[in-house]
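A.B. asks: No sequence on hand, only this structure:
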């Protein structure tokens, strides 16, 4: 059975050690240009954000005030809008939109989880404490021969990355 190798089509390959050094310099030039462009883009985003932030904050304040007014009126007229029995409906239709009341599902808030767990266990309420089992990959890496050959486990070793790191001076601000 033949093995098929996937290969990339190389566009431009240096032909000598000097060419390779030149390509590394070029990679550094391109990386620095990339950073200049990214910085320019971020400066433009910051300027746009600064320009629109006060406008958006003012609009947010107006939206909240308007919604609070609508809620106050609707709360005062809820029976008229929805009927005596809440089961008749929790949504009121207007020409311009709807308002609705929705009951959130029950939730639990826990502070100091470790002490709550200890208290539940001390009180014999272990059914409220979840125990989670998971694969210990670190232990497997320490003993790869023990788990080698087990279905579903693949030990990956010897993967090598190639890194091009052009020289450049670091400057502190």
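C.D. replies: Perfect, thanks for sending it. No experiment lies behind these values; they were computed from the predicted model shown.

A.B. asks: mind listing the helices for this structure?
C.D. replies: All helices of the chain, identified by DSSP state H, fall at 17-76, 78-82, 113-122, 137-142, 144-147.

A.B. asks: most neighbours per residue, which of these?
C.D. replies: helix 78-82 (a mean of 14; mean count of other CB atoms under 10 Å). For the C-beta atoms, the positions are set from N, CA and C on the backbone; glycine is no exception.

A.B. asks: That one: how far from the chain's middle?
C.D. replies: 41 Å (CA atoms, centre = their mean, to the nearest Å).

A.B. asks: Which elements pack onto that helix?
C.D. replies: Judged by 3 or more CB pairs under 8 Å, 6 or more residues apart in numbering; DSSP states H and E, helix 78-82 is in contact with strand 91-94.

A.B. asks: Contacts for the strand it packs on next, please.
C.D. replies: If you take CB atoms under 8 Å, 6 or more residues apart in numbering as the criterion, strand 91-94 is touched by 74, 81-82, 98-101.

A.B. asks: Any buried residues in it, and which?
C.D. replies: Neighbour-count burial for strand 91-94 flags residue 92 (criterion: 16 or more other CB atoms under 10 Å).

A.B. asks: Quickly run through the sheet partners of it, with directions.
C.D. replies: Using DSSP bridges, the strands paired with strand 91-94 are strand 97-100 (antiparallel).

A.B. asks: For the strand it pairs with, list every residue counted as buried.
C.D. replies: Buried residues in strand 97-100 (16+ other CB under 10 Å): residue 99.

A.B. asks: got the contact list for that strand?
C.D. replies: With CB under 8 Å, 6+ apart as the test, strand 97-100 has contacts from 70-71, 74, 81, 90-92.

A.B. asks: now, the most widely separated pair of the residues you listed?
C.D. replies: Within those, 70 and 90 form the most distant pair, 15.3 Å apart (CB to CB).

A.B. asks: could you measure residue 48 against residue 42, distance?
C.D. replies: 11 Å (CB to CB, to the nearest Å).

A.B. asks: got it, and residue 110?
C.D. replies: Going from residue 110 to residue 42 by CB to CB gives 39 Å.
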